[in-house]
Every structure is written in C-alpha cells, then in structure tokens.
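**Q** one predicted model, sequence on top.
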Amino acid sequence: MPTDLKSITRLLCGCLCWTAAAQLCADSAAPLLVTKAPAAAPVFDRQLGRDFEKYFHTTLQAARIPGGAYVIVTPAAIAGLGTAGTTAVKNGQPVTANTVFRLASVSKTFAAELTALLVEQGKLSWQDPANRYSPDFRINGNTQRITLEDLLGQSTGIVGHAYDHLIEAGQPVEQILPKFAELRPVCAPSSCYTYQNVAFSLIEPAIQSVSQSSYADNLDTQIFTPLNMRTASVGLSALQSSEGYARPHRKRGSRWAEVPVLPTYYRITPAAGVNASILDMARWLQAQLGANPDVISDTVIDSVTAPRLSTKNALRRKFWRDHLTDAHYGLGWRVYRWGEEELIYHGGWVSGFRADIAFSRQHKIGFALLLNAEDSTASQLTTAFWDMVFSQL
C-alpha cells in the first residue's frame with residue numbers, strides 16, 4: 001500500500017471502485033443526496049479500499065458469516081461498498097446494497113440527533129426533566145432530576161442495563177416504568193456512565209409530546225426523507241415488509257442457524273428500533289461528515305459528539321483494546337481516542353444481528369458495517385479498517 005500522504009489523499013473519482021459499488025453507481029433509482037461537499041475534504045485511497053475489500057471477504061468466509069455489507073464514504077462520494085453472502089443460510093437471496101438489516105443500538109445515534117434537531121428548533125431543551133414527559137419515571141432516593149441530556153448521555157445514575165431483562169421477557173415499557181421507583185441510584189445524574197436501553201427510550205414520549213406526531217414519523221420527516229434514506233424504517237413490521245430483508249442468525253454448535261426476529265427491543269424504539277440498508281448508512285454517514293448541513297447542521301453534530309462521561313470499560317473490549325487510549329460517551333454516540341485520533345462510533349448487537357458505524361470528522365472518512373450474524377467479527381472488521389486508515393496518515 002502507498003505510504004505517502006499525497007497518494008493517500010488522492011482524489012477518488014465520483015463513480016465507485018468495485019463491482020458492487022459500480023452497480024450502485026449506475027442505479028439512478030437510488031441516488032445519493034449530497035447538498036454540500038467541503039471544499040478541501042480529504043478522500044479515501046483506492047488501494048487501501050481494495051485491501052479492505054479483500055480482508056472483508058476473507059474474514060467473513062473464515063467465520064462463515066451468512067451475510068454482510070460495508071460502506072466507506074467521504075462527504076462527496078461512496079469510496080467503497082462491498083456485500084457478501086446471503087440474507088439467510090437456507091433459501092436466502094444475495095445481500096445487496098439495499099438489503100435491510102436491524103441496526104440495534106446504532107438506532108441511538110438517530111434518537112440523539114433527532115432530539116438535537118428539536119433542541120435546535122426550540123421545541124425541546126437538553127435540561128428538560130425526563131418525568132415531564134414520562135410522569136411514572138421516578139428513581140427512589142434520587143433527589144436530583146434526570147434530564148433529557150442524561151437519558152441520551154447514559155448518565156441517569158441508574159444501575160446499568162436496568163430492566164433490560166423485563167424487555168427481553170416481553171413486558172411493555174408502560175409496565176416497567178413504575179419499577180424504576182424501586183431502584184436506588186448508583187451515582188448522581190450526570191456524574192457517572194451507566195448504559196441504559198429502557199431509560200434511553202424515554203426520549204420517545206418527549207419527542208412525541210412536542211411534535212404531536214409519532215417517533216417514527218419524526219424520524220421519517222426530519223431525517224430519513226431529507227437524507228434520501230429510502231429503505232430506512234422503524235419497527236418489526238417495517239423490517240418484515242422490506243423486500244429480501246436480512247434474517248438473523250446465531251451459532252448452533254459450529255454452524256449458523258436462522259433464528260426468529262424477536263420483537264423485544266423493538267418495544268424501545270429509540271434504543272434499538274431502526275432498520276436500514278448499507279446504502280442508507282452511507283447517507284447517514286455523509287450527513288455526519290457535513291455533506292447535508294440543511295438537514296444535519298454542524299451544531300447538531302457538535303452537540304452529540306462532544307465527549308461527556310468517561311467509559312473506561314470500552315478500553316477492555318476485544319479488538320479495540322489494542323488501539324484505544326481513551327473513551328467517552330457523548331449523546332447517542334461514543335467518542336473514542338485512537339492514539340492521537342478521535343473516532344466517533346457506536347455499535348449495535350441484538351439477537352442475530354451486528355452493526356457498527358464510525359467516522360473521523362478530521363479526516364472526513366466514515367465506515368459502516370452490517371452483519372446478519374451475532375458475532376464479534378464486526379469488531380474485528382471495524383478495528384481492522386480504522387487501523388488501515390490511521391496507520392497510513
């Protein structure tokens with residue numbers, strides 16, 4: 001691979017590099033919506049992209065992953081897109097750029113930025129108390145109020161993953177909320193990181209209250225449609241109505257087996273309810289890199305990616321621990337320090353699916369990965385990609 005900075009940042013042509021991407025370039029039915037490309041935006045090196053494409057296919061084959069897709073973007077172009085395998089191990093269709101996957105906790109990035117948009121519009125405040133919109137949400141022994149910022153910043157002070165087991169047992173959020181009164185806080189709000197799914201999802205009634213429309217409609221009108229995310233959706237029925245959607249898989253001994261799509265975490269939509277294709281993720285990433293300021297402004301991105309609370313546990317994650325020097329949570333996004341580089345990231349893991357998304361604001365490069373298998377291969381691929389990128393700079 002080239003090692004000089006000039007060759008690394010050589011301009012990539014507006015069309016796409018590899019077979020899967022070339023097909024997409026010719027698909028006028030799904031154009032990319034880019035309203036602004038920063039004048040001096042760096043671009044991705046073709047050779048590095050080819051090397052990663054080879055690594056992607058080799059790694060998926062070695063792990064026998066049923067199917068997956070990845071995308072590499074700059075603000076102005078898709079610098080690489082690859083797909084592999086099938087939507088199901090039995091009678092599946094080939095994975096394409098438009099195959100819809102579950103995003104799991106990557107859904108949190110959409111919730112945070114939708115909220116930031118409403119804050120920017122003056123409809124919400126980060127300091128609004130959560131129980132203004134969810135009156136049943138009260139924490140025993142906690143005299144300090146929990147704000148919307150605390151919900152999305154994972155800083156409620158509640159024990160981590162509170163009542164996830166009840167979501168997995170099929171209980172609706174309405175029945176779970178009163179149980180929070182039985183918990184004593186592990187710290188004051190805004191003072192420590194405790195990852196949540198149920199509490200995070202309480203941003204939904206806040207958004208619905210100030211907009212007079214559903215959470216799904218808000219996502220569609222403020223993010224999906226303006227960014228031309230044509231296959232993005234919310235909920236189980238939306239996934240299952242997508243043509244050729246990816247089926248979830250889990251290991252059964254040494255083999256992957258298709259498992260049912262579980263409705264459990266779809267009940268907490270902001271935390272884990274979004275579905276999307278890899279082409280949709282390209283559009284979402286480009287918005288993070290400043291390509292669509294009329295939809296997602298720099299102010300919105302600044303607000304959700306500012307590091308807030310330290311997340312030292314991330315430094316012990318398999319594949320990541322060899323690279324990270326610091327880690328924080330922002331609002332719906334993780335903020336990692338990779339050596340001297342900042343990387344904005346979030347991962348998703350739900351029964352039968354994995355999803356990763358990350359971008360460098362400084363270098364204007366974004367990467368997303370979707371797999372229909374519950375496996376650490378996602379972390380292996382994501383860290384390998386960024387190791388290739390950062391080692392070249």
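**A** That came through, no problem.

**Q** for stretch 353-362, buried residues please.
**A** Within stretch 353-362, the residues scored as buried using 16 or more other CB atoms under 10 Å are 353, 354, 355, 356, 357, 358, 359, 360, 361. In short, each C-beta sits where N, CA and C put it, glycine included.

**Q** test my guess that the fifth one contacts residue 109.
**A** Read that as residue 357. Yes - if you go by CB atoms under 8 Å, residue 357 and residue 109 touch, sitting 6.8 Å apart.

**Q** who touches both of those two?
**A** Counting by CB atoms under 8 Å, 6 or more residues apart in numbering, the contacts common to residue 357 and residue 109 are 284, 346.

**Q** what helix or strand is the residue nearest to residue 296 when sequence neighbours are not counted located in?
**A** Among residues not flanking residue 296 along the chain, residue 287 sits closest, at 4.3 Å (CB to CB, 6 or more residues apart in numbering). Assigned by DSSP states H and E, residue 287 belongs to helix 278-288.

**Q** what do you get for residue 367?
**A** Secondary-structure assignment from DSSP H and E places residue 367 in strand 365-371.

**Q** and the next element down the chain from that strand?
**A** The first helix or strand that comes after strand 365-371 along the chain, using DSSP H and E, is helix 377-392.

**Q** I would like the residues contacting that following helix, please.
**A** With CB under 8 Å, 6+ apart as the test, helix 377-392 has contacts from 1-3, 8, 45, 48, 51-52, 55-56, 59-60, 63, 65, 70, 72, 317-320, 322-323, 338-339, 341, 343, 345, 347, 349, 354-356, 358, 360, 363, 365, 367, 369, 371.

**Q** quick check on the residues you listed: which are buried?
**A** With burial judged by 16+ other CB under 10 Å, the buried subset of those is 8, 45, 48, 52, 56, 59-60, 63, 65, 70, 72, 317, 319-320, 323, 338, 341, 343, 345, 347, 349, 354-356, 358, 360, 363, 365, 367, 369, 371.

**Q** so which of those residues belong to strands?
**A** Of the positions in those, 70, 72, 338, 341, 343, 345, 347, 349, 354-356, 358, 360, 365, 367, 369, 371 sit in strands, assigned by DSSP state E.

**Q** what kind of secondary structure is residue 265 in?
**A** Classification of residue 265 by DSSP: H, G, I helix; E, B strand; the rest coil places it in helix.

**Q** count the neighbours of it for me.
**A** 24 (other CB atoms under 10 Å).

**Q** run through the neighbouring helices and strands of the helix or strand just after the helix holding residue 287.
**A** Scanning forward in sequence from helix 278-288 by DSSP H and E, the next helix or strand is helix 298-305. Under the contact definition 3 or more CB pairs under 8 Å, 6 or more residues apart in numbering; DSSP states H and E, helix 298-305 sits against helix 107-120.

**Q** circling back: how many neighbours does the residue nearest to residue 296 have?
**A** Around residue 287 there are 27 other residues, counting by other CB under 10 Å.

**Q** which residues touch it?
**A** 227, 295, 296.

**Q** tabulate those residues (CSV), appending pLDDT, distance to residue 256 and neighbour count.
**A** Below are these laid out as CSV (pLDDT from 0 to 100; distance: CB to CB, whole Å; neighbours: other CB atoms under 10 Å):
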residue, pLDDT, distance to residue 256, neighbour count
227, 98, 32, 23
295, 98, 37, 19
296, 98, 36, 25
